[in-house]
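*Asks:* Provided below for reference: sequence and predicted model.
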Amino acid sequence: MAWHTTSIATAMVGALLALASCRSNDAPATTSASTGPRRGGALVASIRSEPTTYNRYLPHGAGAATEAVTLLTQARLARVNRVTDALEPWLAEGWTLAADGVTYTVRLREGITFSDGQPLTSDDVLFSFRVAYDPKVASPLASGLKVNGKPVEVTKIDARQFTVRFPEPFAPGLRLIDNLPILPKHKLEAVLDAGQFASVWTPSKPLTDVVGLGPFLLTEHVAGQRLVFTRNPRYFRRDAAGQQLPYLDKLTLAVIPDQNTEALRLEAGEVDLMTNADIRPQDHAAFKRLAEQNRLKMIEVSVGLDPDFLSFNLRAAPHAQKRPRWWTRKEFRQAISCGVDRQAIVNTVYLGAAVPIFGPVTPGNRTWHAADAPACALDRAKAKQLFATAGISDRNGDGQLEDAAGHVVRFSMITQAGHLRERVSSVLQDQLKQLGIAVDIVPLDPGGIFQRWQKGDYDAIYFGLQASSTDPALNGDFWLSSGAYHFWNPSQPTPATPWERRVDELMREQATAADLSGRQRAFAEIQRILGDELPSIYFVAPRVTLATSPRVVNATPAPQIPQLLWSVDTLAAADAR
């Protein structure tokens with residue numbers, strides 16, 4: 001799916017407009033001939049899971065670990081700057097928009113080569129779109145590359161030029177291609193044609209098979225320990241002084257699933273930064289003391305954009321499943337939302353470093369957050385009424401809720417082991433117990449969570465998703481009923497409910513509206529619908545604070561995950577020589 005600073009609200013307006021003739025400056029703004037960072041040196045970043053594939057196009061390539069590998073080894077035609085939210089030419093040097101308002105002519109930069117020396121051409125771009133749309137690949141990228149469920153049409157002009165034609169007007173324009181890492185046709189076409197695309201770029205195959213256009217090469221992967229990336233000598237970007245990027249010679253991702261261990265290794269100087277970089281509230285005081293001793297650097301960013309959520313399984317139940325699924329009634333979900341003390345979670349788990357929220361779009365996303373969406377603050381009397389409407393009450397006075405058939409209301413909740421999510425889940429468990437609901441917590445690693453979710457083998461999940469964009473039109477895989485990450489009931493052939501059908505209609509409206517205010521009105525209605533139906537329930541959004549070792553220089557922090565590695569080619573080490 002891959003959803004900041006106050007500058008985004010104004011930058012978004014210009015970024016949403018179709019750019020008539022856009023050209024980039026290769027250089028990062030913070031660099032100059034006299035003061036720019038030096039090339040060389042190495043940094044260590046922690047990562048909480050490791051990839052089962054290095055291929056972002058595959059269904060199991062949507063996790064944070066594969067996304068990190070993709071950021072380091074691959075590149076896109078255009079990139080959304082996560083600080084300014086502006087669209088920047090990347091592999092493409094620029095584009096023009098035709099009078100029809102839907103056809104872009106895109107020009108590739110001259111002289112770019114893949115890491116194995118083969119030149120980048122329009123054929124690679126067409127091939128990448130082909131892979132994304134191939135139903136046999138079943139790529140999670142596909143839905144985010146469609147407009148109103150229809151693919152864009154990509155046509156070659158010559159080796160360096162091609163057209164991208166949208167099936168209808170689309171307000172975000174070429175921001176859509178920020179979702180598409182460009183693949184090497186010469187390496188992957190044969191395996192795609194043979195139906196073996198899922199077998200390439202896996203940890204069991206030679207690392208030299210992974211060919212890309214990104215700043216680094218994957219040169220080592222020790223399972224359960226680390227992934228090592230070294231400079232790609234053919235990377236195309238240079239800074240303002242003409243110095244080739246990336247600045248770093250090497251970046252190591254240390255696999256540290258447990259956040260306690262991660263924090264201790266950062267304190268000890270064994271880790272320079274965290275890939276999912278926001279620090280836990282309980283670490284804030286210790287990190288602040290270290291910052292005062294110049295042993296760490298702390299960066300306050302903003303309210304986070306990717307909040308965790310409690311999502312119920314609203315897929316059609318298997319015929320063999322006989323036990324009740326009370327959560328399919330929206331009154332049940334509304335009762336839970338009203339019955340949870342969000343401020344208690346802020347105070348006890350986040351130690352005040354969070355804000356209560358009631359929907360998927362946090363106040364940090366100033367352009368798209370709807371302040372008037374439904375919000376039920378703590379009201380346990382109302383929760384009791386809503387449970388009664390759903391046919392649930394304490395029928396025998398034992399403190400437990402039962403349904404009309406006498407079944408005790410109980411469900412299991414999957415969450416991430418060793419993560420702050422597990423602590424929040426425990427608080428939710430205690431609070432729901434006060435409401436008369438028994439919750440069984442099932443801690444799993446991210447891979448296990450994904451497998452259970454993919455199979456629909458769960459009651460509820462407390463987890464989170466990393467949005468690919470602040471613009472909802474580019475996160476259709478979450479909002480649309482047909483989307484692969486429509487979390488509570490993914491990939492629906494047709495909308496399962498009238499309200500999801502209405503959301504689909506509004507998503508089309510906000511994606512095609514001619515002005516930003518029209519788009520905001522449509523998306524505000526979507527947030528009001530979700531605030532009423534509550535397929536997923538949101539409780540808090542953390543305030544993002546980052547911590548790095550003093551060795552990290554030229555960092556460009558953003559509230560969107562990964563907060564520092566999004567601009568990894570300009571990240572530098574203080575001890576570079």
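*Replies:* That came through, no problem.
*Asks:* Output the below-cut-off pLDDT ranges for the stretch 251-400 of the chain.
*Replies:* Within the stretch 251-400 of the chain, the ranges that satisfy pLDDT under 70 run 277, 319-321.
*Asks:* Do I have it right that residue 511 meets residue 147?
*Replies:* Yes: using C-beta atoms under 8 Å, residue 511 makes contact with residue 147 at a distance of 6.8 Å. All C-beta spots, glycine's among them, are computed from the backbone N, C-alpha and C.
*Asks:* who touches both of these two?
*Replies:* residue 170 (C-beta atoms under 8 Å, 6 or more residues apart in numbering).
*Asks:* neighbour-wise, which of those two wins?
*Replies:* residue 511 (24 against 20; other C-beta atoms under 10 Å).
*Asks:* mind checking pLDDT for the more buried one?
*Replies:* Looking at residue 511, its pLDDT reads 90.
*Asks:* quick one, phi/psi of residue 563?
*Replies:* Main-chain torsions, residue 563, degrees, to the nearest 10: phi -70, psi -20.
*Asks:* For it, give me its contacts.
*Replies:* 276, 277, 278, 301, 544, 546, 557.
*Asks:* swap the cut-off to 7 Å and go again
*Replies:* Applying C-beta atoms under 7 Å, 6 or more residues apart in numbering, we find residue 563 in contact with 277, 278, 301, 544, 546, 557.
*Asks:* How much space separates it from residue 318?
*Replies:* 40 Å (C-beta to C-beta, to the nearest Å).
*Asks:* How many residues are close by the closest residue in space to residue 323 that isn't next to it in sequence?
*Replies:* Residue nearest to residue 323 in three dimensions, not counting chain neighbours: residue 407, with 7.5 Å by C-beta to C-beta, 6 or more residues apart in numbering. Using other C-beta under 10 Å, residue 407 has 13 neighbouring residues.
*Asks:* wait, doesn't residue 407 sit right on residue 326?
*Replies:* No: if you go by C-beta atoms under 7 Å, residue 407 and residue 326 don't touch, sitting 8.5 Å apart.
*Asks:* Let me know the closest of the contacts of residue 563 to residue 359.
*Replies:* Nearest to residue 359 out of the contacts of residue 563 is residue 544 (C-beta to C-beta; 18.4 Å).
*Asks:* The longest helix anywhere in the chain: how far from the chain's middle?
*Replies:* Determined from DSSP state H, the single longest helix within the chain is helix 516-533. Here helix 516-533 is found 21 Å from its chain centre; the criterion is C-alpha atoms, centre = their mean, to the nearest Å.
*Asks:* Could you do stretch 554-566 as well?
*Replies:* 13 Å.
*Asks:* now do the same end-to-end measure for it.
*Replies:* Stretch 554-566 has its terminal residues 13 Å apart, counting by C-alpha to C-alpha, to the nearest Å.
*Asks:* Could I get the buried residue list for the host helix or strand of residue 187?
*Replies:* Element membership for residue 187, per DSSP states H and E: helix 185-193. For helix 185-193, the neighbour count (16 or more other C-beta atoms under 10 Å) marks 185, 186, 187, 188, 189, 192 as buried.
*Asks:* Same check on stretch 308-327?
*Replies:* 308, 309, 310, 311, 312, 313, 314, 315, 324, 326, 327.
*Asks:* So what sits opposite residue 253 in the bridge?
*Replies:* residue 45, residue 227 (DSSP bridges).
*Asks:* Please list all residues in contact with it.
*Replies:* Contacts of residue 253 by C-beta under 7 Å, 6+ apart are 45, 47, 68, 226, 227, 275.
*Asks:* The residues you listed into CSV, with extra columns for distance to residue 141 and neighbour count?
*Replies:* Shown next, in CSV, are these (distance: C-beta to C-beta, whole Å; neighbours: other C-beta atoms under 10 Å):
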residue, distance to residue 141, neighbour count
45, 24, 27
47, 21, 24
68, 16, 25
226, 27, 17
227, 22, 26
275, 21, 24
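*Asks:* Could you say which helix or strand holds residue 214?
*Replies:* Short version: residue 214 belongs to no helix or strand, going by DSSP H and E.
*Asks:* Give me the common contacts of residue 407 and residue 326.
*Replies:* Joint contacts of residue 407 and residue 326 (C-beta under 7 Å, 6+ apart) do not exist.
*Asks:* Report back the residue of this structure that's furthest from centre.
*Replies:* residue 396 (45.2 Å; C-alpha atoms, centre = their mean).
*Asks:* ranges for the helices of this structure?
*Replies:* Using DSSP H, helices in the chain cover 8-16, 64-73, 122-133, 185-193, 259-267, 284-292, 330-339, 342-348, 380-389, 420-435, 446-455, 476-479, 498-512, 516-533.
*Asks:* Now for residue 357: which residues touch it?
*Replies:* 307, 538, 539, 540, 541.
*Asks:* repeat for residue 326
*Replies:* Residue 326 neighbours (C-beta under 7 Å, 6+ apart): 332, 390, 392, 403, 409.
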